[in-house]
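S.K.: Predicted model follows, preceded by the sequence.
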Amino acid sequence: HVHIDVASAMTGVSLFGQREAALSTSSQGREWTFEKAGYESENQIMNYSGFTHILSEVTNIPGFYVVDVAQGHPRLDVRHFKVATSDAIFVHERRGWMTSQKK
């Protein structure tokens, strides 16, 4: 069960990532569900315990650890003649999730 925050959803991950996740895990008997709720302040998600993964611009979420980082915020670095990026979207996994899946 994956939560996608506003910044992550704006990258198109929910459009393209859901299809890829479904294809890559269907043969393993796993099914991913994606949730994009909680964008409005009155609907903010305060408890992430129901999620196995979170895609977020937030670097630290209690009970989760970062498994990957996507680059973003491109800007032209004229001095070095390149496009520079920085960490933008963090993929978090709930601690102990894989251990609980094996039971």
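M.R.: Right, received. Where do you want to start?

S.K.: so what's residue 86 up against?
M.R.: 71-73 (Cβ atoms under 8 Å, 6 or more residues apart in numbering). Where you see a C-beta, it was placed from the backbone N, CA and C, and this is true even at glycine.

S.K.: Return, as residue ranges, the portions of this protein with sub-threshold pLDDT.
M.R.: The chain contains residues with pLDDT under 70 at 14-30, 38-46, 99-103.

S.K.: at 90 instead, please
M.R.: For the chain, applying pLDDT under 90 flags the ranges 1-50, 72-73, 96-103.

S.K.: Tell me where it has strands.
M.R.: All strands of the chain, identified by DSSP state E, fall at 2-4, 34-35, 53-56, 64-77, 82-94.

S.K.: can you redo those strands as JSON lines with distance to residue 13?
M.R.: What follows is the strands of the chain, written out as JSON lines (distance: least, Cβ to Cβ, whole Å):
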{"stretch": "strand 2-4", "distance to residue 13": "6"}
{"stretch": "strand 34-35", "distance to residue 13": "9"}
{"stretch": "strand 53-56", "distance to residue 13": "6"}
{"stretch": "strand 64-77", "distance to residue 13": "8"}
{"stretch": "strand 82-94", "distance to residue 13": "7"}
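
S.K.: Alright, calling it a day.
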